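Asker: Could you work out the structure for the sequence below:
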Amino acid sequence: MFSVGYYPGCSLEGTARDYAASIEGVCRLLDIELVELDDWNCCGATAAHSLDHDLSVALPARNLHLARQQGLKDLTAPCALCYNRLKSAEKALKKKAAQAAGADEDPQVRVWDLVDYFSQPSIVREIERRLVRPLHGLRAVCYYGCMVNRPPKITDALAWENPTTMDRLLEAVGAEVLDWPFKTDCCGASHAVARPDLVSALVGKLLKRALDQGAHAVVVSCQMCHANLDLYQPRIVQQQGLASSLPVFYFTDLIGLALGETKARDWMKRHRVNGEPVLTSVGL
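Answerer: Next up is the predicted model:
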């Protein structure tokens, strides 16, 4: 077993508890110990950076400081918004250290998006080695959303318009990953509260395009994206006259299912759109 630092963020203790359960379950199957950051605080997403720049750096920077104190070299963040804010603080601290010609403010902690962490070759090989139930017949589109790859000067993403890390993970568990050009289009994020009409239009477009590609499901790694595509989908399907609904799975749901985790279906039952008919239809 090996360990990695873990910054769950606020929503994994609330609305995204299903995602937290799937992450913990998959890590247990792969003998990865998640070392939760002691006394972590909110990263400031989504509003802090638009209200107070100093606070928007200080909030995630405190978490990086705690990670250093805890002796963590790697820190994973399952939330795209948390990851983006932690990376922003990392860059700000490195810039400050460079200007001061010292290293005291260098966080010396590598911040990982959870998908990027799982898509390391060594972990992909371990997933393939432990495969119990390949997801043959399941056609999926991978939806990365906006925040985990952009802006690249913050995220260090090399393929910010066409990321493929989640694609590789799903291919490793036997799913058919469909090529589609909408994997980084915006879902509307937190505008679901202030501008539900905007979110309905954006999500409706994504769902229609996924259906047009022949997808059985949309796969995500961000709980905000999941909420917008899953929680409001029944209303959006009705409003826009879409042909059918599409289940929205976390990538960890499907890895868990492929690794034979008996609780994987329980994780998926917490989603609004029932994925069981799709899984059953392809023999899963």
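Asker: How far does the helix or strand residue 208 falls within sit from its chain's centre?
Answerer: Assigned by DSSP states H and E, residue 208 belongs to helix 196-212. On the basis of Cα atoms, centre = their mean, to the nearest Å, helix 196-212 sits 19 Å off its chain's mean C-alpha point.
Asker: which residues touch that helix?
Answerer: 141, 143, 180, 182, 185-188, 191-192, 218, 228-229, 232-233, 235-237, 239-240, 242-244, 246 (Cβ atoms under 8 Å, 6 or more residues apart in numbering). Using the backbone N, CA and C atoms, a C-beta is placed for each residue, glycine as well.
Asker: With stretch 272-284 instead?
Answerer: Under Cβ under 8 Å, 6+ apart, the answer for stretch 272-284 is 133, 135-138, 216-217, 230-231, 233-234, 245-249, 257, 265, 268-269.
Asker: Filter these down to the buried ones, ChimeraX style.
Answerer: ChimeraX command restricting these to the buried ones, with burial defined by 16 or more other Cβ atoms under 10 Å:
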select :135,138,216,217,230,231,233,245,246,247,248,249,257,268
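Asker: Please name every helix or strand in contact with the helix ranked longest in the chain.
Answerer: As assigned by DSSP state H, the longest helix anywhere in the chain is helix 80-100. On a contact count with 3 or more Cβ pairs under 8 Å, 6 or more residues apart in numbering; DSSP states H and E, helix 80-100 meets helix 48-51, helix 53-69, strand 74-77, strand 110-113, helix 152-155, helix 223-226.
Asker: could I get those as a markdown table with mean pLDDT?
Answerer: A markdown table is the format used below for these (pLDDT from 0 to 100):
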| stretch | mean pLDDT |
| --- | --- |
| helix 48-51 | 75 |
| helix 53-69 | 94 |
| strand 74-77 | 97 |
| strand 110-113 | 96 |
| helix 152-155 | 94 |
| helix 223-226 | 95 |
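Asker: Tell me which of those is the most buried.
Answerer: helix 223-226 (a mean of 25; mean count of other Cβ atoms under 10 Å).
Asker: any idea which helix or strand comes after that one?
Answerer: Per DSSP H and E, helix 223-226 leads on to helix 233-240 as the next helix or strand towards the C-terminus.
Asker: Give me the residues contacting that next one.
Answerer: Residues outside helix 233-240 that contact it (Cβ under 8 Å, 6+ apart) are 200, 203, 204, 207, 208, 242, 244, 245, 246, 248, 272, 273.
Asker: how does it look with 7 Å?
Answerer: 200, 203, 204, 207, 245, 272, 273 (Cβ atoms under 7 Å, 6 or more residues apart in numbering).
Asker: likewise stretch 115-126?
Answerer: The contact list for stretch 115-126, computed with Cβ under 7 Å, 6+ apart, reads 4, 30, 76, 165, 166, 168, 169, 172, 221, 251.
Asker: what do you get for stretch 58-65?
Answerer: Stretch 58-65 has contacts (Cβ under 7 Å, 6+ apart) with 7, 37, 40-44, 48, 85-86, 88-90, 93, 107, 109.
Asker: Please compare the residues you listed by their distance to residue 22 and name the closest.
Answerer: If you rank the contacts of stretch 58-65 by distance to residue 22 using Cβ to Cβ, residue 7 comes first, at 16.7 Å.
Asker: Surely that closest one is in contact with residue 77?
Answerer: Yes. Residue 7 is in contact with residue 77 according to Cβ atoms under 7 Å; the separation is 4.8 Å.
Asker: what's the overlap in contacts for those two?
Answerer: Common contacts of residue 7 and residue 77 (Cβ under 7 Å, 6+ apart): residue 86.
Asker: could you check the distance from residue 1 over to residue 187?
Answerer: In this structure, residue 1 and residue 187 are 35 Å apart, going by Cβ to Cβ, to the nearest Å.
Asker: So for the two, which residue has more residues nearby?
Answerer: residue 187 (23 against 8; other Cβ atoms under 10 Å).
Asker: Contact partners for the nearest residue to the more buried one once chain neighbours are set aside?
Answerer: Once flanking residues are discounted, residue 187 sits nearest to residue 228: 4.4 Å by Cβ to Cβ, 6 or more residues apart in numbering. Contacts for residue 228 (Cβ under 7 Å, 6+ apart) come out as 187, 188, 192, 199, 203.
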